[in-house]
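Participant: A structural model of the following input is requested.
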Amino acid sequence: MSVDSGLSAVATVPGAGGGEVPGGGPIRSSAPPAGTTLDSVRPPAYGRGIFVSVAAAAAVFALAIVASGGNAEPTGVPLTETTTPLYWGLSVLVIVLVGIGAQFAEIAADRAAVALGQPSREPRMPTAWAVPGVAVATAVLMVATYHNKVMLVAGPAIAFFGVAGALLARDLLDDVTDLTQRTASTIHTLIIHTIAFLALSAVYLNKMSAWGGAPLVALLSGVLILEALERGTIADEPRIVYSALGGLAMALALIALNWWPTHGWSGGAALLICFFTYTGVLVANATRQRMSSRDLAAYLLFSLVALAVLAIAI
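Facilitator: Next comes the predicted model:
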């Protein structure tokens, strides 16, 4: 967030701006003319979130050591071959703590901005936890799925960059101006879809049954869509409904994809295409309040063409 640069003036005294005071020479204000610059006074949430990101990476590193050190027992589901209930219990705890830490980082940044004199912003749904939580969950799933030494680096990296990138994207949206709106929205979208691809691929790689995979995909997708709708202007209740519907649609997409003779990361790519389509339609409807039939047709056409290209490629 930003305020007029006049707040950064050292002091306001009679004669400031080039005038004179009795017994002294000309006094000039240290602030530039009003309206010429904007100085950000809101401490960025991702700055505080770096500590949360490092803690998340460290926790995932410890979990990766546990997962890679066990003896693999064939179960048909890779993520259960070297893990125990203790691993998953600790994973859930880490995900919750990271989500709380990310939310606290944003709240602390808001309070610091108010303390510096910036007007407090309107209350909004607390969703700073969403992408960081899903990023750590993705790292945990990847570590459990591959349970090898590569994940000792890849797992913590996913957690660190997912948390830091998510908070950075939210800060960009908060500080957005007319000139940077498109850039901020693009970065926000790229981070969400990158995490979505990794998360959905992690689920698909395990070829779980519909009873296990569908609810997990619905949860991960719904939470990411909830954050994607941050760019919209709709009320909290419709936003939650949109997210739930998007998660349900993704669960159905996974069930349908299980009948498709594909495997590996290609399945994650197919799910990403569906996620992109659903999220694009919902965000467009939320930001424009009304979506034209032409926009809907464009999203559906893109989805069909992308799926067809993917099917031919594999």
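Participant: helix or strand next in line after whichever strand or helix holds Leu200, which one?
Facilitator: Of the helices and strands defined by DSSP states H and E, Leu200 is found in helix 181-205. Next along the chain after helix 181-205, taking DSSP H and E as the criterion, comes helix 210-228.
Participant: quick check: mean pLDDT across that following helix?
Facilitator: The average pLDDT for helix 210-228 rounds to 93.
Participant: so how far is that helix from its chain's centroid?
Facilitator: 14 Å (CA atoms, centre = their mean, to the nearest Å).
Participant: okay, buried residues for it please.
Facilitator: By neighbour count on 16 or more other CB atoms under 10 Å, the buried set for helix 210-228 is 213-214, 216-228. Glycine gets a C-beta too; all of them are placed from N, C-alpha and C.
Participant: quick one: the helix holding Leu200 to chain centroid distance?
Facilitator: Distance, stretch centre to chain centre, for helix 181-205: 7 Å (CA atoms, centre = their mean).
Participant: any buried residues in it, and which?
Facilitator: 184-185, 187-189, 191-205.
Participant: quick one: mean pLDDT over that helix.
Facilitator: 90.
Participant: what angle do that helix and helix 210-228 make?
Facilitator: With axes from the mean of the first three to the mean of the last three CA atoms, to 10 degrees defining the directions, helix 181-205 sits at 170 degrees from helix 210-228.
Participant: list the helices and strands helix 181-205 packs on?
Facilitator: helix 130-146, helix 151-174, helix 210-228, helix 236-257, helix 265-288 (3 or more CB pairs under 8 Å, 6 or more residues apart in numbering; DSSP states H and E).
Participant: let's have those helices in a markdown table, adding distance to Leu307.
Facilitator: Output for the helices and strands packed on helix 181-205, formatted as a markdown table (distance: least, CB to CB, whole Å):
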| stretch | distance to Leu307 |
| --- | --- |
| helix 130-146 | 23 |
| helix 151-174 | 26 |
| helix 210-228 | 17 |
| helix 236-257 | 10 |
| helix 265-288 | 6 |
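Participant: winner for burial among those?
Facilitator: Each of the helices and strands packed on helix 181-205 was scored by mean neighbour count; the highest is helix 130-146, a mean of 27, by mean count of other CB atoms under 10 Å.
Participant: for that helix, packing partners?
Facilitator: By 3+ CB pairs under 8 Å, 6+ apart, helix 130-146 packs against helix 45-69, helix 85-115, helix 151-174, helix 181-205, helix 210-228.
Participant: keeping just the C-alphas, turn that helix into PDB.
Facilitator: The C-alpha trace of helix 130-146 is given here as PDB (Å, rounded to 0.1, in the frame of the first residue of the first chain):
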ATOM      1  CA  ALA A 130      -4.000 -20.400   1.300                       C
ATOM      2  CA  VAL A 131      -1.200 -20.700  -1.200                       C
ATOM      3  CA  PRO A 132       1.600 -21.100   1.400                       C
ATOM      4  CA  GLY A 133      -0.400 -24.000   3.000                       C
ATOM      5  CA  VAL A 134      -1.000 -25.700  -0.400                       C
ATOM      6  CA  ALA A 135       2.700 -25.200  -1.300                       C
ATOM      7  CA  VAL A 136       3.900 -27.000   1.800                       C
ATOM      8  CA  ALA A 137       1.300 -29.700   1.300                       C
ATOM      9  CA  THR A 138       2.600 -30.100  -2.200                       C
ATOM     10  CA  ALA A 139       6.200 -30.400  -1.000                       C
ATOM     11  CA  VAL A 140       5.100 -33.000   1.600                       C
ATOM     12  CA  LEU A 141       3.300 -35.000  -1.100                       C
ATOM     13  CA  MET A 142       6.300 -34.800  -3.500                       C
ATOM     14  CA  VAL A 143       8.700 -35.900  -0.800                       C
ATOM     15  CA  ALA A 144       6.600 -38.900   0.200                       C
ATOM     16  CA  THR A 145       6.000 -39.900  -3.500                       C
ATOM     17  CA  TYR A 146       9.600 -39.900  -4.600                       C
END
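Participant: what's the closest of the helices and strands packed on helix 130-146 to Gly133?
Facilitator: Distance to Gly133, taken as CB to CB, is lowest for helix 85-115 among the helices and strands packed on helix 130-146, at 4.0 Å.
Participant: now do that closest one, average pLDDT.
Facilitator: 89.
Participant: likewise for stretch 253-263?
Facilitator: For stretch 253-263, the mean per-residue pLDDT is 80.
Participant: quick one: contacts of it?
Facilitator: Stretch 253-263 has contacts (CB atoms under 8 Å, 6 or more residues apart in numbering) with 203-204, 207, 210, 213-214, 217, 267, 270-271, 274, 311, 314.
Participant: again with stretch 83-91
Facilitator: Against stretch 83-91 from outside (CB under 8 Å, 6+ apart): Leu63, Val66, Ala67, Gly70, Ala137, Val140, Ala144, His147.
Participant: how much space between the last one and Val217?
Facilitator: To tie it back to what came earlier, the one meant is His147. 21 Å (CB to CB, to the nearest Å).
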